[in-house]
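# got a structure for you, letters missing:
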């Protein structure tokens, strides 16, 4: 999944509770690869 798509999903489902959705998305992807 692309970081931008995941960030948009987090914005939508998280109701803008994440201050940096792009950073959170990148961190989730990094953890999933580990």
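In hand now; what should we look at? Computed from a prediction, not measured in an experiment: that's the story for all the values here.
# next, the contact list for the residue nearest in space to the middle of the chain, please.
Nearest to the geometric centre of the chain sits residue 25, at 2.4 Å (CA atoms, centre = their mean). Residues in contact with residue 25 (CB atoms under 8 Å, 6 or more residues apart in numbering) are 3, 4, 6, 7, 10. For every residue, glycine as well, the C-beta is placed using N, CA and C.
# can we see that at 10 Å?
When contacts are counted by CB atoms under 10 Å, 6 or more residues apart in numbering, residue 25 touches 1, 2, 3, 4, 5, 6, 7, 8, 9, 10, 11, 18.
# go on, residue 28?
Contact partners of residue 28, counting by CB under 10 Å, 6+ apart, are 1, 3, 6, 7, 10.
# helix or strand: which one has it?
For residue 28, the host element (DSSP states H and E) is helix 21-33.
# and that helix, which residues are buried?
Within helix 21-33, the residues that count as buried by 16 or more other CB atoms under 10 Å are 21, 24, 25.
# next: stretch 3-22.
6, 7, 10, 11, 21.
# name the residues that touch that stretch?
1, 2, 23, 24, 25, 26, 27, 28, 29, 32.
# any idea of the mean pLDDT in that stretch?
Mean per-residue pLDDT for stretch 3-22: 93.
# now stretch 26-34
Here the average pLDDT along stretch 26-34 is 94.
# how far away from the center of its chain is that stretch?
10 Å (CA atoms, centre = their mean, to the nearest Å).
# cool, stretch 9-21 as well?
8 Å.
# what is the end-to-end distance of it?
End-to-end span of stretch 9-21 (CA to CA, to the nearest Å): 9 Å.
# check contacts around residue 2.
For residue 2, the contact set (CB under 10 Å, 6+ apart) comprises 8, 25, 29.
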